[in-house]
Structures are given as C-alpha cells and as structure tokens.
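Undergrad: next one to model:
(2 chains, ligands or ions: 2)
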Amino acid sequence: MNNLHAKTLDIINLNVTLPNGHRLLRDVSLSLDPGEVRALVGESGAGKSMIGKAVLGILPTGISISQGEILLEGTHLNALTPATRRKTIAQTSALIPQDPLTALNPVRKIGPQITDPLTRIHGWTKARALARTRELLDRVHIRNPDRVLNSYPHELSGGMRQRILIAAAFAPSPRLIVADEPTTALDVTVQKEILRLIRELQRETGTGVLFVTHDMGVVAKISQKVTVLFGGRVVEDAPTHRIFENPEHAYTRALIAATPTPNASTEPFRPVPPALIAELHREIQADDDRFSKRAHR
Amino acid sequence: MLLKTVFVRLLTTAITLFGVAVVVFTLVRVAPGNPISMMLPPGATEEDIAALTALYGFDKSLPHQFMIWIGGVIQGDFGTSITLRQPVDELVLGRLPATLELSLMALLIALALGGLVAVIGARKRSTGTEVGLDLTSGAVLSIPDFLWGLIFVLLFGVLWPVLSISGRVDPRLDIDFTTNFYFFEGLLRGRWDVVSSTFSHMLMPAMSLALPLAAMIAQLLKQNLKEVLNQDYTTLARVRGFSETSVILREALQNAALPTLALVGVQFTFLIGGTVIVERLFAYEGLGNMAIDAVINRDLPLIQGIVLLFAALFTVINLLVDLSYTFLNPRLRNG
Ligand SMILES: Nc1ncnc2c1ncn2[C@@H]1O[C@H](COP(=O)(O)OP(=O)(O)O)[C@@H](O)[C@H]1O
Ligand SMILES: [Mg+2]
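TA: Numbers count the residues shown, from 1 in each chain, chains lettered A, B, ... in the order given. Ligands and ions are numbered 1, 2, ... in the order given. Predicted coordinates:
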C-alpha cells in the first residue's frame, strides 16, 4: 500500500469540527515531501496543534474530522479501521510534544518508556531496542545513558527530558515527526540547543517534520516550507524564503513585523493591526456561510 | 529524616491510643448499666455486691481505676473479662484472626471488583456503558453493608441455599492449627477442606462489607483514570501505537491509584467497623461479634480491650497506606 513516490503527508481540504458544528479547521490543505520541514505558524488558537492531532489520530473527545482526507505515505487514514489506523500512524509517525514536564509518565522509569514502543509495537528485540536507544541518547548529548535510563522523570531537568523525548521520537526511524512547539516550555538558554538537535537529526535521518511554532524567527532557521494559519484557515502557503522575501498576504507581513528582532530594544514592537484581524474574521464568516450553504444543498 | 518520621509516627500513635483509652474508659463507666448487678443472681446480699465491687476495683475513684488499668495495659495486662473469666488479651487476640481474614477478604473483593468496573468505565468513557456503570455503582453505594447482608442471607441462604449463613467454619472439621487464621493457615497447610469451609462461610459477610467500598472505588478510580487519560504522556502512548486498554493498564492505572489509595485507607477502617454488625448477622465468630456480647453484658474490661485493639489496628492500617503510597509514587521514595 505504501507508495515509494508518495508524499510523506498529504492533507486535502481538512475540516475538523466540534460537536456543535463549529469548525476548528477550515478546508486546510498542505503537503510534506520526504525529508522536508514545514512550519505551521499563526497566533495561539489558530489551529496549528489541531492539524498535528488530526494527523496523529489524537483529536480530543468530541472533536472529529467532518470532511477531507489525510494521506500518510499514500495511505488514506480515513479508510482504515481505528486499530489499523493506530498501527499505521505508529509505524510511520512520532510526536515531539510541547511540554516535556508532562509528557513522561511520572511513575515509570525512562528506559522502558523509550524501549517499550520499540519492542511491543515495532517488534524489535530488547537488545536492539536498547542499543538504538543508547545510540540516540548519545546523539542528543546525554552523557550517562545508564543513569538516565534508570531515572524517574522528576529526577531530570526540563531540557534533559525534552532531549529524551526527541531521542524517543527518532528511535523508531519515523518518516514523519510532528514537533508541537517543542521549545516553548523551555528556558531560553536550552531552546537553541534543542532546536539545533531536532534540525541535525532531521537532516541525518531525512525525516519529514511538521514544525508547529508561533515564532517567525524559528521558522526562518528550520523550515523549507511555511503554512500560515489564522482562525483554522490557511492564509498563505509558500517556500520559507518567499515568505520572508516576498510575503503575499498582509497577515503574513504583519506576523513577520511583529517578530521581535535581535535588536528588539531599539525597534518598537509592532502588533498585528486590529483592522487586519477584523478583516480576517469577516473572511472566515463569509467562508462559514458558504460552507453551511454547501452542507445544506 | 526517616528516623524522625518514624519517631513522630510512633509518638502520635501513642498519643492517639492513650486518648482512645481515656475516652472509652470514661464512656463505658458513664453509660447506664452496672456490670456487677448483671453478674449476680437476683436477691444477692449487700455484702456480696460490695465484695464483688471491690474485687473488680469498681469501689475506687475513676482516676484511680484508670491508673490501675492503664498501668496494667502498659505491662501487657489488659485485665480479666467479667463474663468469660479469661484474660482479655487472650480472648481478643484469639478472635482477631477471624476478623482480619474477613476484612482482608472484603478488601480484596472490593479492590478487584471496584478496579475492574473503574477500568471498564474508563475504557468506555462517554458511552452508555459508562452511564450504566455509574448508575449501578451509585445504587450499590446507597445500600449499607448490613442490608447487603440481609439481602444475601435471603438470596443464598434461603431462596437458593448454596452458602453457609452462620458461623466461621464447619464445626465437624478437625482443626488443630497453630494460629486462628483458619483460612491462611489452611492455605499454607494445603487443608482444602478447611479453606473451602471458611471461604463458604466468609463469602457472604465479606461481599456485604465489600460492595459499598467496591462501588466507591469504582467511582473514584474511574474519575482519576479519566483525568490521567487526558495527560500528555497517555496521548504520547497512543501516538506510539498502544491500544486504549493498554494505555489504561500500563500508563494510567498506577497514577490514578495514588489519589484513590488515600480514600481506600480511610474506608477500610470503616469497613472494619462494619464487621461488628455484619459478624453478628452471620454469627461469625470474630471480634465484632464478641464486642456486641461484651456491650450487652457490660463486660467493661473486654469492651476496653476490644476498642483499644481496633484503634491500634486502624493506626497500623494508616501506616500501611502511607507506606504503599510511597511505594507507588517514586517522587516520595527518595526524599
Ligand atoms: N479540547 C478542545 N475542545 C474544544 N475546543 C478546543 C479544544 N482544543 C482546542 N480547541 C480550540 O481549537 C482551536 C485551535 O486550537 P489549537 O490547535 O490548540 O491552537 P494552536 O494554534 O494554538 O495550537 C482553538 O480555538 C481552541 O480554542
Ligand atoms: Mg498549540
């Protein structure tokens, strides 16, 4: 079923809806070539995380895909039974979560938390899983792997835990990684290091990455493509260099302008103009009206 | 650090037990009913009454009586039962195994049943199954243990008599055990006749005691499971391909058990309190049954001994709960 020439991820006209019919994602389309990094940007609540959750099959209870298609390596996820979908996603994808402090089970040791999926889901031997885990821990610059594997999460710092989660995500050699603001919860000092690790591992392994962020500065460093979102809608989709050199949409320009620069102290902070936000909300309203007409026809 | 904890613990335990001793000693003497008059045949002379009163020390002042009693207790002498004419500690410790076996069996049933219902409820959350289980456990919880006892007697003692409704063990069995833990010692010795007989006698009183606690565990543990199942680490386990059932059992259960445990500890002491009436109902020869006889007969030394033992038992249970809490929570293990 897996097509070698297929895109790693293809999202076509995805609509994700609350039980009351309110749409959280509105006709979102985007794709990811093998080994490509695509940034999802937009302010808080734009629907960036929701896209990742839809792809990984972890939408919160009550929230569902009402229309559209998600293809993972050419496989239509909607067409699969829940159990097969879960296996397909686990075989191809991984998640680097936003908050490393809540993403590790507090009552279990680190070692089994990394190796269990490798042995129990991917069917590896214990020895192979452990060797691979050590290799990746070394790769994310964890110097005393034995101590770390035997630790409980509370014994490790936030930066350490995020490095462990990065190692765990890359361990089964996934084709797709969803990184949901992986540095937001961390100290500024460790943010750069974590970002560099993800970028290095991504390049070495050729994994496709959906990189969720609200920081245009990070976008410039890590991605080849950018999807700009507002209110669950794609505002602009373009190669990263074009987004910065020649942004098409006024909202994209406003986002770039609102990004603090290294000399932020001298330049005034320019928030997105309220008039522009109002204009975008009007567009969404018109969009919703068309959508409900389409649904009622 | 650990030493200090142990010391504080022992001190508070001693203070608690002393407080219990003072209260029970005073209460049984303030309550109406005279133990001496219950012992003598009608028409006993004034001299007889005075002699017996002096023999048991009831002629002395309350504080003086208390000093004598507590002095003995500290040396391990709990006095002599007025009605049974035997040392209180022998009587009480002889009955304790029966009550412990019954309570532990009830606790085990409650944990297994409540845990199972909680896991199923969490697995089927936001469905009709969850609502059905909630309603059922709510109904079970609203019926107290002794009413469950009556219901069971009616069902399995009268309508469909498959279980023994009275006593602790078939009296025809020859039991020459070292301890009074018939069930446990029977298991160890492989005396299956004793094991099955005690089990068939224990099942109904144990179920009566267990059902309300099982319902409580089912409700609370399910609630805690549902909260844990929203945590990021359970989401991550789903992304990694684990089924919902294995996410519940492997990732969520231990975390959800922690807040449930505190309640189970408190409720277990209530359960042991419940043995008093339930043992009576099933004529089960345990401490609770003996306590009722002691109260009816105004057997003051025996009442005091039983109450003190119950109090000591409760502090031990609290200690065990705290220990298991530390065992389940790695954050408390080294600190
Ligand atoms: N569990 C939920 N129930 C209802 N609405 C939600 C839930 N999670 C997120 N939303 C809504 O969905 C929208 C998109 O959320 P999200 O994808 O988390 O935004 P972000 O771009 O900040 O990651 C927001 O308006 C948010 O309020
Ligand atoms: Mg988000």
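
Undergrad: mind pulling up the pLDDT for the residue of the stretch 201-335 of chain B found nearest chain A?
TA: The stretch 201-335 of chain B approaches chain A most closely through B:G241 (2.7 Å), counting by Cβ to the nearest Cβ. All C-beta atoms are positioned from the backbone trio N, CA, C, and that covers glycine. Note on B:G241: pLDDT of 97.

Undergrad: looking at this, it is in a strand?
TA: No - B:G241: not assigned to a strand; according to DSSP: H, G, I helix; E, B strand; the rest coil it is coil.

Undergrad: just to check, it is in contact with A:A94?
TA: No - counting by Cβ atoms under 8 Å, B:G241 stays clear of A:A94, with 10.2 Å between them.

Undergrad: higher neighbour count, those two?
TA: A:A94 (27 against 20; other Cβ atoms under 10 Å in any protein chain shown).

Undergrad: where does that one land in three-state SS?
TA: Put simply, A:A94 is strand when judged by three-state DSSP.

Undergrad: in chain B, where is pLDDT below threshold?
TA: Applying pLDDT under 70 to chain B flags residues B:1, B:334-335.

Undergrad: any idea which residue of the stretch 1-150 of chain B lies closest to chain A?
TA: Counting by Cβ to the nearest Cβ, the stretch 1-150 of chain B gets nearest to chain A through B:S126 (5.8 Å).

Undergrad: is it true that that residue lies in a helix?
TA: No - read with three-state DSSP, B:S126 is coil and lies in no helix.

Undergrad: my read: it touches A:P19, true?
TA: No - counting by Cβ under 8 Å, B:S126 stays clear of A:P19, with 10.8 Å between them.

Undergrad: before we move on, which element is the closest residue to the residue of the stretch 1-150 of chain B closest to chain A other than its chain neighbours in?
TA: Nearest residue to B:S126, sequence neighbours excluded (Cβ to Cβ, 6 or more residues apart in numbering or on different chains): A:T61, at 5.8 Å. Assigned by DSSP states H and E, A:T61 falls within no helix or strand.

Undergrad: what is the burial count for A:T61?
TA: Residues near A:T61, counting by other Cβ under 10 Å: 11.

Undergrad: likewise B:T129?
TA: B:T129, neighbours per other Cβ under 10 Å, totals 13.

Undergrad: measure it to B:R238 for me?
TA: As judged by Cβ to Cβ, to the nearest Å, B:T129 and B:R238 stand 20 Å apart.

Undergrad: with B:T80 instead?
TA: 65 Å.

Undergrad: show me what contacts the closest residue to chain B within chain A?
TA: Of all residues in chain A, A:A90 sits closest to chain B, with a separation of 2.7 Å (Cβ to the nearest Cβ). A:A90 sits next to A:P117, A:I121, A:H122, B:V239, B:R240, B:G241 when contact means Cβ atoms under 8 Å, 6 or more residues apart in numbering or on different chains.

Undergrad: higher neighbour count, B:T80 and B:R238?
TA: Remark: of B:T80 and B:R238, B:R238 carries more neighbours, 21 against 17, as counted by other Cβ under 10 Å.

Undergrad: part of a strand, is that one?
TA: No - looking at B:R238 with three-state DSSP, it is helix, so not inside a strand.
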